[in-house]
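Engineer: below is the structure, and that's it, no one-letter string:
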């Protein structure tokens, strides 16, 4: 049966408190300089991760900038995955580093251990690994490699809050971990992130750098809140079913690019510059810390639900050989922020799914290893390019019901079943032709 009113592919983890806290900030919070709530949030985070230090920052990417700058000398190389947002690479450049792209593993979409070791040279200053989609990279293996070469390892955990590897929280395996609290993450404080570490020398450099940050954060946060409000309204059940999804479906199937571009997630990128732009030189605010503290109460429950949804997808799709699925893990090293799937004919499959009333999305990251923007750092990373071309997301967020997961699985299986039938008919024709040819051969001779 054609279902034209699915749940949306993505809903934010925001709630009424997220908006009330922002309203309070608008009315009075901008004039409050007390960092008490931020210190409490940082203390709670350091205890959760079992580290000595946690420093809240304006954005995760700013945390990456601060970590790279604190750990390398200007001009040194930083090995990192090309399959990420462009601003991660920009942050390395702003910090004085030279990005070196290491290809990814096809199944996990994370940086390849072998590629990291192959690319280390005397000018390497650090290795930056990313835990994508809530899937842990092989951080312990890469850390062993880094230790052999006396190199620091930075963990980009923007999509991996609550992920573990070999019993340790990601972000605590390397020298420093950086997390995101951006509005699409499972702890959204509109903007923001946190840097965690046990290295006092590095944290001291970061805190010293932050003392010069004073750019007012209100414009950036306000833009996020407006986008979040529009997203929450558009994805509320009645509005989504009666208005939002019919428009999205029609636009996708009829290639109305003006609407498709609005619906397609496009991460913010900084303009080309020689150093960190002033817009990033902002401080984390107390009202954001209060939002984060309130959301820590249910983050583990939400992670458990996402894992359950991810395992449902895996069990329902694992026998389809044409699909590349994220490896199944039951040790906390895969929390399925989304369930990533790769398929060679991705666009054809997504079109079929929209026709059948599903709401899905292609991956929004690109392989930066061969883009004009980073031309002087270009390298051949074929796996990253394949992931860019073939990856799409299946929803796992807690409000996405088990019924919706099962419907999505059913539609994907229906697509592959429809592809098999014509092949069977073709084989039957070939066999019939062969039988006819044999009959003709024998009838002519006997």
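Structural biologist: Right, received. Where do you want to start? Note that this is a predicted model, so its numbers are computed, not measured.

Engineer: got the residue ranges for the helices in the stretch 51-200 of the chain?
Structural biologist: Shown for the stretch 51-200 of the chain, the helices assigned by DSSP state H, counting those that start in this stretch span residues 60-71, 86-94, 113-119, 139-148, 200-210.

Engineer: make a markdown table out of the ones you listed and add mean neighbour count.
Structural biologist: (Each C-beta comes from the backbone N, C-alpha and C, glycine too.) Supplementary listing: these in a markdown table, determined by neighbours: other Cβ atoms under 10 Å:
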| stretch | mean neighbour count |
| --- | --- |
| helix 60-71 | 27 |
| helix 86-94 | 24 |
| helix 113-119 | 18 |
| helix 139-148 | 18 |
| helix 200-210 | 16 |
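
Engineer: output the below-cut-off pLDDT ranges for the chain.
Structural biologist: 1-5, 29-33, 266-268, 421-446 (pLDDT under 70).

Engineer: that older thread, which one of the helices of the stretch 51-200 of the chain lies nearest to residue 365?
Structural biologist: helix 86-94 (9.4 Å; Cβ to Cβ).

Engineer: tell me the angle of the closest one relative to helix 60-71?
Structural biologist: Calculated by axes from the mean of the first three to the mean of the last three Cα atoms, to 10 degrees, helix 86-94 forms an angle of 30 degrees with helix 60-71.

Engineer: which neighbouring elements make contact with helix 86-94?
Structural biologist: In terms of contacts (3 or more Cβ pairs under 8 Å, 6 or more residues apart in numbering; DSSP states H and E), helix 86-94 is packed against helix 60-71, strand 77-80, strand 98-101, strand 124-130.

Engineer: now render these as TSV, adding distance to residue 165.
Structural biologist: Converted to TSV, the helices and strands packed on helix 86-94 look like this (distance: least, Cβ to Cβ, whole Å):
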stretch	distance to residue 165
helix 60-71	19
strand 77-80	18
strand 98-101	23
strand 124-130	11
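
Engineer: and those: which comes nearest residue 251?
Structural biologist: Across these, residue 251 has its closest neighbour in helix 60-71 (30.2 Å, Cβ to Cβ).

Engineer: for the closest one, name the packing helices and strands.
Structural biologist: strand 53-57, helix 86-94, strand 124-130, strand 153-156, strand 176-180, strand 193-197, helix 200-210.

Engineer: ok, 6 Å please
Structural biologist: Helices and strands touching helix 60-71, by 3 or more Cβ pairs under 6 Å, 6 or more residues apart in numbering; DSSP states H and E, are helix 86-94, strand 176-180, strand 193-197, helix 200-210.

Engineer: contacts for the longest one?
Structural biologist: So the one you mean is helix 200-210. With Cβ atoms under 6 Å, 6 or more residues apart in numbering as the test, helix 200-210 has contacts from 53, 55, 66, 70, 197.

Engineer: neighbours around the last one, how many?
Structural biologist: Here the count is done by other Cβ atoms under 10 Å, and residue 197 has 27 residues near it.

Engineer: ok, now how distant is residue 47 from residue 196?
Structural biologist: 11 Å (Cβ to Cβ, to the nearest Å).

Engineer: the more surrounded of the two?
Structural biologist: Comparing residue 47 with residue 196 by other Cβ under 10 Å, the one with more neighbours is residue 196, at 26 against 10.

Engineer: ok, back up a step: and the helices and strands packed on helix 60-71: which comes nearest residue 329?
Structural biologist: From those, taking Cβ to Cβ, the stretch that ends up closest is strand 176-180, at 19.4 Å.

Engineer: name the helices or strands packed onto that closest one?
Structural biologist: Using 3+ Cβ pairs under 6 Å, 6+ apart, strand 176-180 sits against helix 60-71, strand 153-156, strand 193-197.

Engineer: ok, which of the helices and strands packed on helix 86-94 comes nearest residue 108?
Structural biologist: Shortest distance between residue 108 and the helices and strands packed on helix 86-94, using Cβ to Cβ, is found for strand 124-130: 10.6 Å.

Engineer: run me through the strand neighbours of that closest one, direction for each.
Structural biologist: Looking at strand 124-130 with DSSP bridges, its partner strands are strand 77-80 (parallel), strand 153-156 (parallel).
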